[in-house]
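Chemist: model this:
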Amino acid sequence: MSYHSDEAAAPVPARLGRYELLGQLAIGGMAEIHLARLAGEAGFEKIVVVKRLLPELVASKAFVAMFLDEGRLVAKIDHPNVCEVFELGREGAEYFIVMPYLDGVPATDFIARPRDPDRTAQLRVAAGIVVQACAGLHHAHELAGPDGPLGLVHRDVSPSNVFVTTAGVVKVLDFGVAKVRGAAETEAGTIKGKTQYMAPEQVLGEPLDRRCDVFALGIVLYELCTHQRLFKRASDYLAARAILEEPIPRADAVDPAVPAPLADAISRALARDRDARFADARELARAIEAAGGVAGADEIARALASWHDDELSAQRTRRARVLGTELATIPTGPPQQRARWPIAAVLAGVVAVAGAGIAWLAWPTKDVIVAPPADAAAIARSVVVAPPDAAPMPPPPPDAAVAHPVAVVHDHGRKPVGTGWLAIDSTPFATIFVDGKQLGITPLPHAALPAGRHTIRAVLHDGRVQDLRVDIAAGQTHAPIVLDRW
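Modeler: Numbering: from 1, shown residues only. This is a model prediction of the structure:
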């Protein structure tokens, strides 16, 4: 899961160790995310992301252990294609992890972008993104300790955890559910990760090795190339059945523009028999490169700036609002073409990065996600519910008021008075507005709404619209709504 909060609470100056907390960006079931500044001598300063364990969980040895395990594990991974950890710290009773901020978008945005008439550029970028992700994961898989290889497996590779920066560098995020050989599970019988990006052996609860991450990378590459979700189904159960039983289509059968050698590489990565897959992520990368047409970092950066300029500009503007600073127009584009903007402008990707880092924290507690305004990329996911990844938001309909986002509450076990739930999905992706305010991108499996009658509007990327009215009963979930007739 990734947490995305675009209208965070007003900043409350505070300190945590060496870091000045500038404003809260998101809160999850076990940690909260802050934008922070590290100040030094002679005007030195660095903007970072601080993830702090929630105060009410500090007394729990199990939660503290999980939090610290994540920090220690990721701190050992030193690779340009993995989001690093700067510091794992403690201040009194407070535990925190410090990470860099990133400017960019998750791979979900590239998947949700419609196919261009000339597919060459999109396919090159898709291949380039996954080749870099392969490099980061292979490095993590090879990680060794004093007693030999750790046998690390990510277990949650998905488009929302593959982040593309404006420099064209891909970062693999969220090793929070990663597991090393011999480590005990945190919960007996729990399968961690997003169901529709699991390998068959992961769905079955079998012992895992790096090849389960290869399978997940195959899904990501398939979706980047075809712009269709491979195992998206109406429920986790149906997604699991599809992974285990349904025919897996070749990418070039879905989109003839995909070159056959690239489709061959995807199909081998998606082999249900793990022995028939690539042995590791490096082998998959070599097969993609051998297929030809792999974009480098500069080409990916230019594509990101061209295709997602609106999202990047809007995200930076909202980051400035988090810090209470008005912001002039911020130029976008490849790094060599961009001027340096004020620190207060901060972070298109910080919530995506920091949020993805706490994806594993959504356990039986209250997860609050604030749906972003209309021009943002939706990154509100839930590991417990494990819905598919989101798509970028289309422009809102002219009569939709989106100045104030709608709170989406995943409340595991505690139902607010006067609140009910809406489950809505659509094929293809749609942006959902409730009473003129944006709720998020489908699928929305458990969106909290005040009890009463509401007007729902679903908007496709090409502008097509469906309107309906629903009655939400307090304490109850409305019958699931599926929109597929456009």
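
Chemist: and residue 105, what element?
Modeler: Element membership for residue 105 (DSSP states H and E) is strand 104-106.

Chemist: and the next helix or strand past that strand?
Modeler: The helix or strand immediately downstream of strand 104-106 is helix 107-112, counting by DSSP H and E.

Chemist: other SSEs contacting that next one?
Modeler: helix 120-141, strand 162-165, helix 211-226 (3 or more CB pairs under 8 Å, 6 or more residues apart in numbering; DSSP states H and E). C-beta coordinates here come from the backbone N, C-alpha and C atoms, glycine included.

Chemist: let's see that with 10 Å instead.
Modeler: Helices and strands touching helix 107-112, by 3 or more CB pairs under 10 Å, 6 or more residues apart in numbering; DSSP states H and E, are helix 120-141, strand 162-165, helix 211-226, helix 297-307.

Chemist: I'd like these written out as CSV, with mean pLDDT added.
Modeler: CSV is the format used below for these (pLDDT from 0 to 100):
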stretch, mean pLDDT
helix 120-141, 97
strand 162-165, 96
helix 211-226, 97
helix 297-307, 96
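
Chemist: how near is residue 469 to residue 243?
Modeler: Distance of residue 469 to residue 243, computed by CB to CB, to the nearest Å: 36 Å.

Chemist: more neighbours: the two, which one.
Modeler: Using other CB atoms under 10 Å, the more surrounded residue of residue 469 and residue 243 is residue 243, with 25 against 8.

Chemist: distance of that one relative to residue 233?
Modeler: Residue 243 sits 9 Å away from residue 233, going by CB to CB.

Chemist: same question, residue 39
Modeler: From residue 39 over to residue 233 the distance is 49 Å, taken as CB to CB.

Chemist: report pLDDT for residue 393.
Modeler: pLDDT, residue 393: 39.

Chemist: now residue 444
Modeler: Confidence score, pLDDT, at residue 444: 76.

Chemist: how many neighbouring residues does it have?
Modeler: Close neighbours of residue 444, defined as other CB under 10 Å, add up to 24.

Chemist: what about the helix or strand residue 440 falls within, average pLDDT?
Modeler: Element membership of residue 440, judged by DSSP H and E, is strand 437-441. Strand 437-441 carries an average pLDDT of 82.

Chemist: quickly run through the sheet partners of it, with directions.
Modeler: strand 431-434 (antiparallel) (DSSP bridges).

Chemist: out of the helices and strands packed on helix 107-112, which gets nearest to residue 65?
Modeler: helix 120-141 (20.9 Å; CB to CB).

Chemist: between that closest one and helix 297-307, how many degrees?
Modeler: Between helix 120-141 and helix 297-307, the angle comes out at 120 degrees (axes from the mean of the first three to the mean of the last three CA atoms, to 10 degrees).

Chemist: what about the closest residue to residue 250 other than its chain neighbours, which helix or strand?
Modeler: In this structure, residue 250 finds its nearest non-sequential neighbour in residue 263, 5.1 Å apart by CB to CB, 6 or more residues apart in numbering. If you go by DSSP H and E, residue 263 is part of helix 260-269.

Chemist: now do that helix: which elements does it pack against?
Modeler: Applying 3+ CB pairs under 10 Å, 6+ apart, one finds that helix 260-269 makes contact with helix 120-141, helix 211-226, helix 251-254, helix 281-291.

Chemist: can you lay out these as CSV showing distance to residue 453?
Modeler: Formatted as CSV, those follow (distance: least, CB to CB, whole Å):
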stretch, distance to residue 453
helix 120-141, 42
helix 211-226, 37
helix 251-254, 40
helix 281-291, 50
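
Chemist: these: which one's closest to residue 451?
Modeler: Closest approach to residue 451 among the helices and strands packed on helix 260-269 (CB to CB): helix 211-226, 36.9 Å.
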